[in-house]
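In: I need the structure of the sequence given here:
(chains A and B)
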Amino acid sequence: MTEFTGKGVYGAAAIGRISVFRRQDIAVKRVRITDTEKELARLEAAKEKAVAQLGEIYEKALKEVGEANAQIFEIHMMMVEDEDYNDAITEMIQGQNVNAEYAVAATADNFAEMFSSMDDSYMQARAADVKDISNRIIACLTDSGTAQQSTGGKVIICADDLAPSETVSLDKENVLAFVTAHGSSNSHTAILARNMNIPAIIGVGEAFLQQISDGDTAIADGFAGKLIVHPDADTLAEYEQKMQQEAEKRRLLQSLRGKENVTLDGTKINIYANIGSADNIGEVLLNDAGGIGLFRSEFLYLESTDYPTEDAQFQVYKRVLESMGCKKVIIRTLDIGADKQADYFHLAKEENPALGLRAVRLCLTRQEVFRTQLRALYRASVYGRLGIMFPMITSVWELEEILALCNAVKAELKAEGLEYAEDTELGIMIETPAAAVISDLLAPMVDFFSVGTNDLTQYTLACDRQNPHLERFCDPHHEAILRLIAMAAKNAHANGAWIGICGELAADTSLTEAFLRMGIDELSVSPSFVLRVRDAVRKIDLNQQ
Amino acid sequence: MRTFDYTIKDELGIHARPAGMLAKTAKALDSTITIQKGDKSAGASKLMALMGMGVKCGDTITVTIEGGNEEASEAAMKEFLSKNL
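Out: The predicted model follows:
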């Protein structure tokens, strides 16, 4: 039994035989030719064939991964017909009397080199596109066909990496899982795996391909990001059981729709959903969330090329509030900083953006931006049950300034004869140790707290979230974090405020009981976790120690 | 010959998809269209050369139109740029 670890892209598991994806490596030889006209005619025919193939792939991709992801093949078709690329190939054939295969391969190297040397990672990745189309033309020249291989039944596809055209060309009926040595979670393979609901494990590392062969029995575990080759009988049995349980669980979870979030002893808790765009509302409703506990308003700014106007924001907020009816919607005000910004903000580069001018600090520094958002929010407040939440609070004076601004905005609207809901709740994120420690001073000023556990962990444990070497030190179950949350909960309740958790920890069912015991009133999780957390809540009995 | 300047607003600059559309648009016009940024320039109908210029958001490009119906070509280019880039 051998295990290879990478990154799981989609949480599912599959058991089956391995099929190693092999490219027909066409060795391109330099051959002197005499009839250049004939060589150019061969090239023309091969290009025509390549474009026709790409057209078919485009149509297939359109159905499988949608237009946005299929567009790359339209670009590929245009690349094949690109003037400079073709001039370079033609010149080489005519000037050096070489065969078309060699001219294409050499030109591909030159163009790929140009893209690789650019200082933009997106453009660097285009080098792979040039190689991909060139290999296709060469395959058409040698008439070797594409790498489509018959899989002989359902298999786990293993490859060093899969080009978009290769992923799309696979016979999906027979793919149980994807495992690749390289790749990123935004690669075509990953997108396709998610669309197909099958496990994909990426970044397993170069070595694994040497240690597997076609027909090996293996388990692809997309939860743990593991490929287990030649599993022993126990492991196999364990996974068979696990997969059965998963299927069972999925059925069960759907049966939890419409049920209350109540423990065996009768304690109730709200389970809301986190969303990042108005387009996710369908998922919120489908998974039966009780409200929206965190609506990230950043997308409005990041998707725009200039500051979004008050009206544009108002329309989005209104739509979300109306779609949620009488359910609560908590919208977090702008939470961006130097590491995640829209160009038009022109924020100065910072040495340490996590500790920089971000979130509410930015809003209080550029009050005109903040005021526009607050006006849009208050105007939308009459269309549902709105809560406004402010991120990254560390001091009482910040909150005082924010509340003064809210009052000023309300007075403005009133003077203009515009309506707003007087009962709009105001709350703050508890995501800095400072806010948790002075939560007794902050609680009397707000209606609610919401704990952002990702940042709270990062700031409390002094661990950069993005640094993979710190995983061992960055323990979100750390006693310090739990104590800070408990402290904030106690202070919230002592002052008549409610408290929720909207970070990743909210979905961690190993902590659900601990949160209930602290008196947490609401957990806000990704839509797909709502029913899972509900299931956990309904099994807890707080009367039992 | 006509020229005009345009500042790129698309967040990703002239990346693959708009470069493809730009090349397609330029090819359909009867004028020769050149895009220039700093000391680099490329024919607007050449996809890979356009991508190779690495034009980013906020960069200003100079568009030159020569031959054919210059007036119509200029209008078409302006419309394309403001809509897509």
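
In: Run through the residues that contact the residue lying closest to A:Ile202 once chain neighbours are set aside.
Out: Closest residue to A:Ile202 apart from its sequence neighbours, by Cβ to Cβ, 6 or more residues apart in numbering or on different chains: A:Gly183 at 4.0 Å. C-beta here means a position set from N, CA and C on the backbone, and glycine is covered the same way. Residues near A:Gly183 by Cβ atoms under 8 Å, 6 or more residues apart in numbering or on different chains: A:Asp161, A:Leu162, A:Thr189, A:Ala190, A:Ile202, A:Gly203.

In: So which of those residues belong to helices?
Out: Using DSSP state H, the subset of these located in helices is A:Thr189, A:Ala190.

In: May I have the predicted confidence score for A:Leu403?
Out: According to the prediction, A:Leu403 has pLDDT 97.

In: So, low pLDDT: which residues of the stretch 151-300 of chain A?
Out: Within the stretch 151-300 of chain A, the ranges that satisfy pLDDT under 70 run A:151-152, A:184-188, A:191, A:195-196.

In: State which one residue of it is found closest to chain B.
Out: A:Pro164 (11.9 Å; Cβ to the nearest Cβ).

In: Helices of chain B, start to end?
Out: B:16-28, B:47-52, B:70-84.

In: which two from the contacts of A:Gly183 end up farthest apart in space?
Out: The largest separation in these, counting by Cβ to Cβ, is between A:Leu162 and A:Gly203 at 12.9 Å.

In: picking that back up, using a markdown table, lay out the contacts of A:Gly183 together with neighbour count.
Out: Listed next are the contacts of A:Gly183 as a markdown table, based on neighbours: other Cβ atoms under 10 Å in any protein chain shown:
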| residue | neighbour count |
| --- | --- |
| A:Asp161 | 17 |
| A:Leu162 | 24 |
| A:Thr189 | 26 |
| A:Ala190 | 21 |
| A:Ile202 | 23 |
| A:Gly203 | 17 |
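
In: Pull the contacting residues for the spatially closest residue to A:Met118 that is not a sequence neighbour.
Out: Nearest residue to A:Met118, sequence neighbours excluded (Cβ to Cβ, 6+ apart): B:Gly54, at 5.2 Å. Applying Cβ under 8 Å, 6+ apart, we find B:Gly54 in contact with A:Met118, A:Asp119, A:Asp120, A:Met123, B:Gly13.

In: which non-adjacent residue is nearest the last one?
Out: Of all residues beyond its chain neighbours, the one nearest B:Gly13 is B:Lys56 (3.9 Å), with distances taken as Cβ to Cβ, 6+ apart.

In: That neighbour touches A:Asp120, doesn't it?
Out: Yes: with contact defined as Cβ atoms under 8 Å, B:Lys56 counts as touching A:Asp120 (7.3 Å).

In: overlap in contacts of the two?
Out: B:Gly13.

In: hey, which of the helices of chain B is tucked in deepest?
Out: Most buried of the helices of chain B, by mean neighbour count (mean count of other Cβ atoms under 10 Å in any protein chain shown): helix B:47-52, with a mean of 25.

In: what residues does it touch?
Out: Here helix B:47-52 makes contact (Cβ under 8 Å, 6+ apart) with A:75, A:78-79, A:82, A:84-85, A:111, A:114-115, A:118, A:123, A:126, A:130, B:14-16, B:19-20, B:22-23, B:35, B:42-44.

In: Where strands are concerned, which of these count?
Out: Among the contacts of helix B:47-52, the members found in strands (DSSP state E) are B:Ile35, B:Ala42, B:Gly43.

In: what's the pLDDT at the last one?
Out: Going back to what we said before, that points to B:Gly43. At B:Gly43, pLDDT is 90.

In: Tell me which residues touch it, please.
Out: Here B:Gly43 is in contact with A:Glu83, B:Ala26, B:Thr32, B:Ile33, B:Thr34, B:Ile35, B:Ala49 (Cβ under 8 Å, 6+ apart).

In: what's the distance between A:Gly215 and A:Lys172?
Out: 21 Å (Cβ to Cβ, to the nearest Å).

In: An error on my part: the question was meant for A:Asp265.
Out: 48 Å.

In: Then A:Ala220?
Out: For A:Ala220, the distance to A:Lys172 - Cβ to Cβ - is 16 Å.

In: between the two, who's got more neighbours?
Out: A:Ala220 (27 against 13; other Cβ atoms under 10 Å in any protein chain shown).

In: So in that sheet, which strands flank the one helix or strand that one maps to, and in what orientation?
Out: According to DSSP states H and E, A:Ala220 maps onto strand A:217-221. If you go by DSSP bridges, strand A:217-221 pairs up with strand A:13-20 (antiparallel), strand A:226-229 (antiparallel).

In: And the contacts of it?
Out: Counting by Cβ under 8 Å, 6+ apart, A:8, A:13-18, A:156, A:176-177, A:179, A:199, A:201, A:212, A:226-231, A:235-236, A:239 sit against strand A:217-221.

In: Any quick ChimeraX command for the buried ones out of those?
Out: Burial among those is assessed by 16 or more other Cβ atoms under 10 Å in any protein chain shown; the matching ChimeraX selection reads:
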select /A:8,13,14,15,16,17,18,156,176,177,179,199,201,212,226,227,228,229,231,236,239
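
In: Can you pick out the most distant pair from the contacts of B:Gly54?
Out: A:Asp119 and B:Gly13 (12.0 Å).

In: More neighbours: which of these two?
Out: B:Gly13 (21 against 8).

In: Just list whatever residues bridge to the nearest residue to B:Lys37 once chain neighbours are set aside.
Out: Nearest residue to B:Lys37, sequence neighbours excluded (Cβ to Cβ, 6+ apart): B:Ile61, at 5.0 Å. Beta bridges link B:Ile61 to B:Tyr6, judged by DSSP bridges.

In: if we can go back for a sec, higher neighbour count, B:Lys56 and A:Asp120?
Out: Shown here are B:Lys56 and A:Asp120; by other Cβ under 10 Å, B:Lys56 has more neighbours (18 against 14).
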